[in-house]
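after the sequence you'll find the predicted model.
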Amino acid sequence: MVQIRKPVAVKEALELLMAHVPAPRAETAALADSYGRILAEPVVASHDVPPFHRAPYDGFAIRSEDSRGAGEHCRISFRVVGHIGAGQMPARELGEGEAVRIMTGAPLPPNADAVVMLEQAVEDGQGFAIRKPFRAWENVSLRGEDAKAGEVLVEQGNLIHPGVVALLATFGYASVRVARKPVVGLMTTGTELLQVHEPLAPGKIRDSNGPMIAAQLARLGIPSRSYGFVRDDLDQAFELVRRALRETDCVITTGGVSVGDYDYLPAIYERLGAKVLFNKVAMRPGSVTTVAVWEGKFLFGLSGNPSACYVGFEIFARPALLRMMGSRKPYLPHTQAVLTEDFTKPNPFTRFVRAVYRHDGSRPTVAPAGFNKSNAVSSIARSNALMVLPGGSRGFRRGAIVDVLLPGTEEGEAEWRIP
Ligand SMILES: Nc1nc2c(c(=O)[nH]1)N[C@H]1C(S)=C(S)[C@@H](COP(=O)(O)OP(=O)(O)OC[C@H]3O[C@@H](n4cnc5c(N)ncnc54)[C@H](O)[C@@H]3O)O[C@H]1N2
Ligand code: MOO
């Protein structure tokens, strides 16, 4: 008998899902392996940066007081009493009228407080002259101007991108605490499915969801383990899901969650004794997205329809997995843009339209990426964004401002605030 399912709002479904996310676990990664991971500890400045007053230019270090009164018609001369290259230490303090030749990155002598750039010096035999006075600390990189000892520079939960790697190296983090990556088991269901290398046959299609989800996971830096195909056989499907659950932290399936004769996932959840958080969401596509929990592990039952599968992953699996990794930004980057063509379909439920987002003109724009059914695969490939149209709205005219989510970028101004 067909089970009548009560749809939950996207916001409600997400809140329920996020409330079940297990606490993040940390591990140690070598600095060289840290790129792309999520920080499980803050990056704290263990010393000032720069650690000493230094020359930002090649030139001469002087005492600014000795330059007082210098002008175009009143040159002041300095005697050069030494040379400091980067990595070297000054030999002594400067006396009155003395200077040292100094290279970019080298520490200033203790009582020097200005640097005359080579271009600002008129050099002669033993020294040079200046034609203007120098203020205290002119042309000096001050100790601690970039970062102060003890300062928290990057909070935990942030992604380690190349700039963060540079900071970790600056402070001597040879290794860093990062979030442990969940291992995700992947399974596709359907007797109609062929593997990528198989020739097309009557009634069959190639599995595109399996490789697509693996790529969506890879985009988050999360490894996946493929458990291949579940044919439309309940016992075999049950055993495979159970094995995957034992061997991984989370299992994602596609297909078999609707109400058809071979949609076995609901029966599998029941046999496992898994708690189904929701199995119908008031959204298009992806209304059949199902999430269940078994012994603290998530089972994501994504739709078999490719566009619905893609959206179900980005809206639900992504934030749950990122939150498991302690991410501070689990939701998709969000922005707004001007719709460049009419979208007249009414939206009884929240609609996520695969779309093309551009910001090459004066204002960011967005347009549907083409064939917009939940079984479409071409529009996912063409899209770089998801346009969010709220449930209950009646169609949008060209020129309307709409919400846009940006999978696969760090570009959005903020995270999506679930309406
Ligand atoms: N009587 C009803 N029928 C359907 C309903 C409903 O409410 N009542 N919901 C529809 C909606 S909405 C969706 S979405 C689909 C969801 O179905 P399933 O998630 O159970 O997926 P399947 O039936 O297995 O497959 C749907 C479709 O997708 C193709 N598919 C499946 N797996 C893959 C794959 N790995 N790669 C590419 N394509 C795949 C499959 O061949 C089907 O065409 O149910 C509606 N029906
Ligand atoms: O879940 Mo279906 O994708 O709404 O089309």
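Received, thanks. Ligands and ions are numbered 1, 2, ... in the order given.

could you list the low-pLDDT ranges of this structure?
Scanning the chain for pLDDT under 70 picks out the ranges 1-4, 232, 410-413, 417-419.

how close does R92 sit to R382?
From R92 across to R382, the span is 69 Å (Cβ to Cβ, to the nearest Å). All C-beta spots, glycine's among them, are computed from the backbone N, C-alpha and C.

who's in contact with C309?
Counting by Cβ atoms under 8 Å, 6 or more residues apart in numbering, C309 makes contact with 209, 212-213, 254, 286, 302-303.

which of the residues you listed are close to ligand 1?
Among the contacts of C309, the ones lying near ligand 1 by Cβ under 6 Å from any ligand atom are 209, 254, 303.

tell me, how many residues neighbour the second one?
Okay, so that is T254. Neighbours of T254 under the rule other Cβ atoms under 10 Å: 31.

can you map out the strands along the stretch 201-350 of the chain?
All strands of the stretch 201-350 of the chain, identified by DSSP state E, counting those that start in this stretch, fall at 205-206, 224-230, 250-254, 275-278, 283-284, 290-294, 297-302, 333-339, 350-358.

centre of the chain to the second one, how far?
This means strand 224-230. Counting by Cα atoms, centre = their mean, to the nearest Å, strand 224-230 is centred 26 Å from the centre of its parent chain.

give the pairing partners of it; include direction for each.
Note on strand 224-230: by DSSP bridges, its sheet partners are strand 184-189 (parallel).

mind listing what the helix or strand following the partner strand pairs with, with the direction of each?
Using DSSP states H and E, the helix or strand that follows strand 184-189 in sequence is strand 193-194. Here strand 193-194 is paired, per DSSP bridges, with strand 205-206 (parallel).

what lies in contact with the strand it pairs with?
Identification of contacts with strand 205-206 by Cβ under 8 Å, 6+ apart yields 192-196, 198, 200.

list the buried residues in the longest helix anywhere in the chain.
Criterion DSSP state H: the longest helix present in the chain is helix 234-247. The neighbour-count check on helix 234-247 (16 or more other Cβ atoms under 10 Å) flags 237-238, 240-241, 244-245 as buried.

how about stretch 138-151?
Buried residues in stretch 138-151, defined by neighbour count with 16+ other Cβ under 10 Å: 138-141, 143-144, 147.

among those residues, which are in helices?
Using DSSP H, none of the buried residues of stretch 138-151 sit in helices.

CSV for the residues you listed, including distance to ligand 2?
Output for these, formatted as CSV (distance: Cβ to the nearest ligand atom, whole Å):
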residue, distance to ligand 2
E138, 65
N139, 63
V140, 62
S141, 57
R143, 59
G144, 55
A147, 49
